[in-house]
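Student: Sequence plus the predicted model coming up.
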Amino acid sequence: SLDNEIIRQEIKDLLVEKNAVLVAHYYTDDAIQELAEETGGVIADSLEMARFGANHPASTLVVAGVKFMGETAKILSPEKTVLMPTLEATCSLDIGCPADEFSAFCDQYPDRKVVVYANTSAAVKARADWVVTSSIALDVVEHLHDQGEKIIWAPDQHLGGYVQKQTGADMVLWDGACIVHEEFKAKGVQDLKNVYPDAAILVHPESPASVVEIADVVGSTSQLLKASQEMSNSTFIVATDRGIFYKMRQASPDKRFVEAPTAGSGATCRSCAHCPWMALNSLEMLRDSLKNSDGEIFVDHEIRRKALIPLQRMLDFNV
Ligand code: 13P
Ligand code: SF4
């Protein structure tokens, strides 16, 4: 629409004026992803967002995603201004793992390495030995297991269970879950597979074990996107947030991408899997955050100092 065109232009001008770059997650609206592409920013998974922000020369990072992504950017680049379209965009994993309770949990297992998923607050990261994202969780835990380490894992129980099964590591798990991925049902995915027998099944590891078990590929958003480009199947059943379809379809216009249903029936479901917090990011709020410095991220100095250690370990970890 004309309104959108005006806002898009305002954002482009503001990005230049403020020496800012847009760092967007795959689950944000198509319009935001499109802008990130057009303006020299990035569309990425959470690990790549962290790397991109830390390495980019811009003095302001505009992080379109959820709060932990903005906090991670600020911890890695305290000298940069980090803005978010909204500070209300949280994550059920972050909410489900309060720092004080988590710290008490860790105190019960002093002989274990603490590995936390990036989807946590800065204060939880400050209590950790390692931060990981879905793209390197397996590799990091395998590395620790090889060194004979026992592990505390938080907060996603599905990703934690998957990593435990794959690596055989000794892990105690926090019982958090992603409200979006937790809803995928194996029966629904199986029913779709009956409709599209040649389809490859792509699953994000925050999904329940029964869904992960029937996947052809399990991985982070970037890893699933890559698989959709590299595999020769003409159809893909995709169990992750529907925001990913923007890039999947753009990269492979001749392939068919089908949303994995979140209900038990085999019926294809329209826009069932979409993170309500990612959805809060709008073009208007993006413009306003740049214009008025609304939604600036601040992290307490002491928490930042501690959280940087496991985060930097993640970035320095070479597979
Ligand atoms: P990725 O690391 O795959 O981007 O996942 C982040 C996330 O929030 C998934 O729900
Ligand atoms: Fe958190 Fe799930 Fe939303 Fe990702 S999709 S931000 S894990 S609630």
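Tutor: Perfect, I can see it now. Ligands and ions are numbered 1, 2, ... in the order given.
Student: Give the ranges of residues in the stretch 151-300 of the chain that sit below the confidence cut-off.
Tutor: Residue ranges of the stretch 151-300 of the chain with pLDDT under 70: 263-271.
Student: For burial, what's the neighbour tally of Tyr162?
Tutor: 24 (other Cβ atoms under 10 Å). (Each C-beta comes from the backbone N, C-alpha and C, glycine too.)
Student: Helix or strand for it, just tell me which one.
Tutor: helix 157-167 (DSSP states H and E).
Student: ok, is the strand or helix carrying Leu311 in contact with ligand 1 or not?
Tutor: Using DSSP H and E, Leu311 sits in helix 301-316. No - on the criterion Cβ under 6 Å from any ligand atom, helix 301-316 is out of touch with ligand 1, staying 11.5 Å away.
Student: same for that helix, what does it pack against?
Tutor: Packing contacts for helix 301-316, counted by 3 or more Cβ pairs under 8 Å, 6 or more residues apart in numbering; DSSP states H and E, involve helix 46-55, helix 67-76, helix 122-125, strand 130-132.
Student: hang on, the earlier thing: buried residues in the helix holding Tyr162?
Tutor: Within helix 157-167, the residues scored as buried using 16 or more other Cβ atoms under 10 Å are Gln157, His158, Leu159, Gly160, Gly161, Tyr162, Val163, Gln164, Thr167.
Student: tally of neighbours for Glu101?
Tutor: So Glu101, with other Cβ under 10 Å, has 12 neighbours.
Student: brain fart, Asn318
Tutor: 6.
Student: for Phe298, same thing?
Tutor: Count around Phe298 with other Cβ under 10 Å applied: 11.
Student: now the one 3 residues further on
Tutor: His301 has 9 neighbouring residues, counting by other Cβ under 10 Å.
Student: Could you do the one 10 residues further on as well?
Tutor: Counted with other Cβ under 10 Å, residues neighbouring Leu311 total 24.
Student: any idea what sits nearest it, other than its immediate chain neighbours?
Tutor: Of all residues not flanking Leu311 in the chain, Val131 sits nearest, at 4.9 Å (Cβ to Cβ, 6 or more residues apart in numbering).
Student: Could you measure from the one you found over to Ala58?
Tutor: Distance, Val131 to Ala58, using Cβ to Cβ, to the nearest Å: 23 Å.
Student: Same drill for the two, tell me which one is more crowded.
Tutor: Remark: of Val131 and Ala58, Val131 carries more neighbours, 31 against 19, as counted by other Cβ under 10 Å.
Student: For the closest residue to ligand 1 within the stretch 101-250 of the chain, give me its contacts.
Tutor: Per Cβ to the nearest ligand atom, Ser220 is where the stretch 101-250 of the chain lies closest to ligand 1, at 3.3 Å. Contacts for Ser220 were tallied using Cβ atoms under 8 Å, 6 or more residues apart in numbering; they are Asp45, Ser46, Leu47, Thr133, Ser134, Ser135, His204, Pro205.
Student: and which of these is nearest Trp277?
Tutor: Checking the contacts of Ser220 against Trp277 with Cβ to Cβ, the nearest one is Ser46 at 13.5 Å.
Student: and the closest one, what pLDDT?
Tutor: Looking at Ser46, its pLDDT reads 96.
Student: does it really touch His25, like I thought?
Tutor: Yes - shown here, Ser46 and His25 form a contact pair, counting by Cβ atoms under 8 Å, at 6.9 Å.
Student: okay, and the common contacts of these two?
Tutor: Common neighbours of Ser46 and His25, using Cβ under 8 Å, 6+ apart, are Gly65, Met69.
Student: Of those two, which one has the most company?
Tutor: Per other Cβ under 10 Å, whichever of Ser46 and His25 has more neighbours is His25, with 27 against 23.
Student: How about that one: what's its closest non-neighbour residue?
Tutor: Closest to His25 by Cβ to Cβ, 6+ apart is Gly65, at 3.7 Å.
Student: Tell me how many other residues crowd the one you found.
Tutor: Neighbours of Gly65 (other Cβ under 10 Å): 27.
Student: likewise Asp139?
Tutor: For Asp139, using other Cβ under 10 Å, the count is 15.
Student: My guess is it contacts Asn318. True?
Tutor: No - using Cβ under 8 Å, Asp139 is not in contact with Asn318, being 9.3 Å away.
Student: Contacts only, for the residue nearest to the spatial centre of the chain.
Tutor: The centre of the chain sits closest to Ser46, judged by Cα atoms, centre = their mean, with a distance of 4.4 Å. By Cβ under 8 Å, 6+ apart, the contact list for Ser46 reads His25, Gly65, Phe68, Met69, Thr72, Ala118, Asn119, Thr133, Ser134, Ser135, Ser220.
Student: same deal with Cys272?
Tutor: Each residue near Cys272 by Cβ under 8 Å, 6+ apart is listed here: Glu183, Arg242, Glu259, Pro261, Thr262, Ala263.
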